[in-house]
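Participant: Build me a model from this:
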Amino acid sequence: MQRHFRSFFVVLGILASTFVIWWVATGPGGDPGLPSGPAPGGRLVGTLRSEPASFNRLASPHLAADVFTRLTQASLVRLNRITGQVEPRLARDWEVSADGLSWTLHLLEGVTFSDGQPFTSADVAFTFEALYDAQVASELASSLRVDGRPLRIEAPDPLTVVLHLPAPYGPGLSLLDPLPILPRHALAQTLENGTFRDAWNVQTPPSGIIGLGPFVLTEYAPGERLVFARNPRFWKHDDAGRPLPYLDELELQIVADQNTEMLRLEAGEIDLTQDEIRAEDHAAMRQLEARGRVQLTDAGVTISPHALWFNLSSGTSTDRPWLREEAFRRAVSHAVDRQAVVDTVFLGAAQAIHGPVTPGHGDWFLPDLPRAGFDPDRARTLLGSVGLSDRDGDGLLEDHAGRAARFTILTGRGNATRDRTVAMIQEHLRRVGLGVDVAALEVGAMVQRWSAGDYDAMYFYVLVDSFDPARSMDFWLSSGSFHFWNPNQPYPATEWEARIDDLMRRQSTTIDAAERRRLFAEAQRALAEHQPILYFAAPELTYAMSARVAGAMPSVLQPAVLWNAEVLSVVPAGAPTGR
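Facilitator: Below you'll find the model as predicted:
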């Protein structure tokens, strides 16, 4: 788990972690050693950009479901979003075998679910059974396979779990970070009768959702909000022995539009935002910061950049075969002026990129990755090579049958930065003769269109939950559920995808750090050569919060702020604000 200028960020992570420990130990305005700590109780209000499609993380890949799960459920281990280190959670400690193929995890004693039922190794075994069940068809499953194969789970006693890996695994136990441990006693029957994927849907009463997380859901108003109360049975305490979470209540308002989100923050109606602030918001936020109303934190360069990809699935319509041509994708890449996107959309607070790995990934980033520079003339030549030319002199291209060279980009509604970027792509492609329509949909509707293969192109983003590329196998492997341009392939559709599959499998099952970097560099170059997915800019992320928030440590990994929600607290009235 590395960042750019590795040693600097390791030191920064240590300092940041030390600061949070100091804050937890002293509280606002306190002195080291005093037992007061953060003030317990209080309420914070945050936002979600989209509705949860389900409250069952194994059935929903969306960010809203991930945020919900991290609030109400718990995993065996957690990836610290600042230090990049694996931290104990439900597993208090562990050992690994000499060959790296077996991990023995020792579970916490005396832990109960929010309904009072005990947590044991049987719940861990059940969760993995559901994860790999063919009927459940969980999108998480591909990211919890090693060398393409599932883990084998043993539960020799109620407080011990043994994970058997089919091959050594470079990232180690970090693969367990996204997996919530689910209650066997509440969900076993649904797995047995084939209804597990429909369990815990959004019509489920809040009392029916049981977890091991710091909060419990108390209210869900569709289109409006989710309200969470502290889980009195949460098992974790801070270093001073105080029970967590500190907050009594956390509300997440569903705010699809980022303009509305910023207005609510400025008015003091919300405390936390889901996304980073936009470039045009910086000046206003700095003024509010100077007045003590908000606090701003620079998290670094994103590792989840937005991208444009075309539908390359085998069932795609053939009436516009040029949409699937590699030369067409190269033309689009040459036609878009990345630096103009950086300067106009992000006001310079971003970096032009040509692949999914950004400078935020640290040593995994390749500064010498082959680039398709801005070259409209080259773009027009490439478009001509796939049979597109201006046959009627109107400035737009047509195919051999005289049909307009036109396609539609689907994107998620409500993100102003994304909207402006797509508008720039649309304009740059118009200049080389391509007609582009843009359709902004609710995220759920957009994902449904993608899942059905009912689209020409999409502009959205891949949610990355780790700095280590082997944790994103569902993106890199042709069989992966998030291999966006052609997911879930039974076998690689192209020779270059087969090559990337081989490189990534070798990379993930190698524990030699230098060899892992070499293999991943080859995989990145292979992807850049064929460009199935196009990247333009990676913004530098700054998060804004109300000044009354304490304990937050925003990260480039999502969820940026709520990843450590149990230590968030409210600064008491009259105490110094800020972190």
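
Participant: For the rest of this, base every contact and every neighbour count on C-alpha atoms.
Facilitator: Fine.

Participant: so where does the residue nearest the centre of the chain fall, helix or strand?
Facilitator: In the chain, the C-alpha nearest the mean C-alpha coordinate belongs to residue 463, at 2.8 Å (CA atoms, centre = their mean). For residue 463, there is no enclosing helix or strand under DSSP states H and E.

Participant: Next, the contact list for it, please.
Facilitator: Contact partners of residue 463, counting by CA atoms under 8 Å, 6 or more residues apart in numbering, are 63, 304, 558.

Participant: Now do the strands in the stretch 1-150 of the chain.
Facilitator: Assigned by DSSP state E, counting those that start in this stretch, the strands in the stretch 1-150 of the chain fall at 43-48, 77-79, 86-88, 91-96, 102-107, 145-146, 149-150.

Participant: from those strands, which stretch is densest packed?
Facilitator: Highest mean neighbour count of these: strand 77-79, a mean of 23 (counted as mean count of other CA atoms under 10 Å).

Participant: quick one: average pLDDT of that one?
Facilitator: Computed over strand 77-79, the mean pLDDT rounds to 95.

Participant: which strands and helices sit next to that strand?
Facilitator: Contact analysis of strand 77-79 by 3 or more CA pairs under 8 Å, 6 or more residues apart in numbering; DSSP states H and E lists strand 86-88 as its packing neighbours.

Participant: pLDDT (mean, whole number) over the strand it packs on?
Facilitator: Averaged over strand 86-88, pLDDT sits at 96.

Participant: Could you tell me how far that strand lies from the centre of the chain?
Facilitator: Distance, stretch centre to chain centre, for strand 86-88: 19 Å (CA atoms, centre = their mean, to the nearest Å).

Participant: who touches that strand?
Facilitator: 76-80, 173-174.

Participant: Swap in 6 Å and give it another go.
Facilitator: 77-79 (CA atoms under 6 Å, 6 or more residues apart in numbering).

Participant: so where is this protein shaky, pLDDT-wise?
Facilitator: For the chain, the stretches with pLDDT under 70 are 1-36, 315-317, 573-579.

Participant: Please save the CA atoms from stretch 443-455 in CSV.
Facilitator: What follows is stretch 443-455, C-alpha atoms only, in CSV (Å, rounded to 0.1, in the frame of the first residue of the first chain):
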residue,chain,number,x,y,z
VAL,A,443,-26.7,5.9,-11.0
GLY,A,444,-28.9,2.9,-10.4
ALA,A,445,-30.5,3.2,-13.9
MET,A,446,-27.1,3.7,-15.5
VAL,A,447,-25.7,0.6,-13.8
GLN,A,448,-28.8,-1.4,-15.0
ARG,A,449,-28.1,-0.3,-18.6
TRP,A,450,-24.5,-1.3,-18.2
SER,A,451,-25.4,-4.7,-16.7
ALA,A,452,-27.7,-5.4,-19.6
GLY,A,453,-25.1,-4.2,-22.2
ASP,A,454,-27.6,-1.6,-23.4
TYR,A,455,-25.3,1.3,-24.2
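
Participant: Could you count how many residues lie near residue 366?
Facilitator: 18 (other CA atoms under 10 Å).

Participant: And it, how far from residue 464?
Facilitator: Using CA to CA, to the nearest Å, we find residue 366 at a distance of 18 Å from residue 464.

Participant: got it, and residue 240?
Facilitator: Residue 240 is 33 Å from residue 464, by CA to CA.

Participant: quick one: which of these two has more around it?
Facilitator: Between residue 240 and residue 464, counting by other CA under 10 Å, residue 464 is the more crowded of the two (19 against 14).

Participant: Please state the backbone phi and psi of that one?
Facilitator: phi -100, psi 130 (degrees, to the nearest 10).

Participant: Apart from its chain neighbours, what residue comes closest to it?
Facilitator: In space, residue 464 comes closest to residue 304 once its chain neighbours are excluded; the distance is 5.6 Å by CA to CA, 6 or more residues apart in numbering.

Participant: so what's the one you found up against?
Facilitator: With CA under 6 Å, 6+ apart, residue 304 has these contacts: 462-464.

Participant: And residue 459, by the same measure?
Facilitator: By CA under 6 Å, 6+ apart, the residues touching residue 459 are 307-308, 411.

Participant: looking at this, residue 524 is in a helix?
Facilitator: Yes. Counting by DSSP: H, G, I helix; E, B strand; the rest coil, residue 524 is part of a helix.

Participant: what sits against it?
Facilitator: By CA under 6 Å, 6+ apart, residue 524 has no neighbours at all.

Participant: Residue 503 versus that one, what's the distance?
Facilitator: Using CA to CA, we find residue 524 at a distance of 10 Å from residue 503.

Participant: cool, residue 344 as well?
Facilitator: From residue 344 to residue 503 the distance is 37 Å (CA to CA).

Participant: Please say which of those two ends up with more neighbours.
Facilitator: Between residue 344 and residue 503, counting by other CA under 10 Å, residue 503 is the more crowded of the two (22 against 15).

Participant: Surely that one is within a strand?
Facilitator: No. Counting by three-state DSSP, residue 503 is not part of a strand but helix.

Participant: How about the contacts made by it?
Facilitator: residue 519.

Participant: mind running it again at 10 Å?
Facilitator: Shown in contact with residue 503 (CA atoms under 10 Å, 6 or more residues apart in numbering): 476-477, 497, 516, 518-524, 526.

Participant: could I get those residues as a markdown table with distance to residue 358?
Facilitator: Shown next, in a markdown table, are the contacts of residue 503 (distance: CA to CA, whole Å):
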| residue | distance to residue 358 |
| --- | --- |
| 476 | 15 |
| 477 | 19 |
| 497 | 21 |
| 516 | 17 |
| 518 | 17 |
| 519 | 17 |
| 520 | 13 |
| 521 | 13 |
| 522 | 16 |
| 523 | 15 |
| 524 | 11 |
| 526 | 16 |
